[in-house]
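# One predicted model, sequence on top.
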Amino acid sequence: MPKARLVVCSSTEDACNRAKEDNKGEKDEEKKGSAAVGTLLASDMTGIPILDEHIEDRASTSRFFVISQVCEPPSGEDKTFVIFSLKDAQGALFRALKIMKEEGINLTNIESRPSGSKAWDYNFFVRMDGHEQDKEIAAALNRLRKVCSYVRVLGSYPENKA
């Protein structure tokens with residue numbers, strides 16, 4: 001589909017239903033102009049045909065989160081998600097990351113997203129090895145609170161090796 005345009009949808013099901021509605025009434029498969037990237041289940045549920053399979057560049061994975069008021073106890077092989085915002089100062093990100101290094105914490109992922117509170121202000125989402133109750137993580141979080149404008153632990157969970 002060389003002239004395809006990207007249309008953002010709220011879900012796979014929404015994308016499939018939109019493609020189905022856009023193509024309604026057209027009998028010739030070659031002339032249908034809308035398609036959606038989805039799953040076999042989505043095809044079965046919406047009745048749209050599968051045009052091609054295995055189109056991904058690499059195997060895809062999905063992450064699922066359990067939202068709870070109760071923190072899981074440490075398992076010995078945990079991950080912790082933290083969000084923090086920086087004070088507007090030269091070297092602020094360096095100082096925050098240096099704390100993690102000094103406490104011996106391995107960061108496995110870091111992403112920045114606009115905070116939405118003001119222009120050029122970002123939140124950093126960090127995944128790290130360890131549990132929020134581990135002494136190294138607890139020490140790092142206490143130190144981060146002194147140099148960041150906002151720090152929140154989103155949670156700790158046992159690492160899934162699958």
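Here it is on my side, so go on. Numbers count the residues shown, from 1 in each chain.

# And the helices in this protein, which stretches?
For the chain, the helices identified by DSSP state H occupy 12-22, 40-46, 92-102, 135-147, in order along the chain.

# Can I get these in TSV including distance to I83, mean neighbour count and mean pLDDT?
For the C-beta atoms, the positions are set from N, CA and C on the backbone; glycine is no exception. TSV is the format used below for the helices of the chain (distance: least, CB to CB, whole Å; neighbours: other CB atoms under 10 Å; pLDDT from 0 to 100):
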stretch	distance to I83	mean neighbour count	mean pLDDT
helix 12-22	27	17	83
helix 40-46	32	14	85
helix 92-102	12	15	97
helix 135-147	11	16	97
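
# Any idea which of the ones you listed gets closest to W120?
Each of the helices of the chain was scored for nearness to W120 using CB to CB, and the closest is helix 92-102 (12.6 Å).

# got the helices of the chain as JSON lines, with distance to G33 columns?
Supplementary listing: those in JSON lines, determined by distance: least, CB to CB, whole Å:
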{"stretch": "helix 12-22", "distance to G33": "7"}
{"stretch": "helix 40-46", "distance to G33": "17"}
{"stretch": "helix 92-102", "distance to G33": "45"}
{"stretch": "helix 135-147", "distance to G33": "51"}
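
# For the longest strand anywhere in the chain, buried residues please.
Counting residues, the longest strand found in the chain (DSSP state E) is strand 148-158. Across strand 148-158, burial judged by 16 or more other CB atoms under 10 Å covers C148, V151, G155, S156, Y157.

# Which residues does it contact?
The list of residues contacting strand 148-158 from outside it, by CB atoms under 8 Å, 6 or more residues apart in numbering, reads 65-66, 68, 71-72, 74-75, 77-87, 92, 96, 123, 125, 130-133, 141, 144-145.

# Can you pull out the low-pLDDT segments for this protein?
Applying pLDDT under 70 to the chain flags the ranges 1-3, 26-32, 60-66, 161-162.

# picking that back up, parallel or antiparallel, which strands does the longest strand of the chain pair with?
If you go by DSSP bridges, strand 148-158 pairs up with strand 78-86 (antiparallel).

# what is the orientation angle of the partner strand with helix 92-102?
Taking axes from the mean of the first three to the mean of the last three CA atoms, to 10 degrees, strand 78-86 and helix 92-102 form an angle of 150 degrees between their directions.
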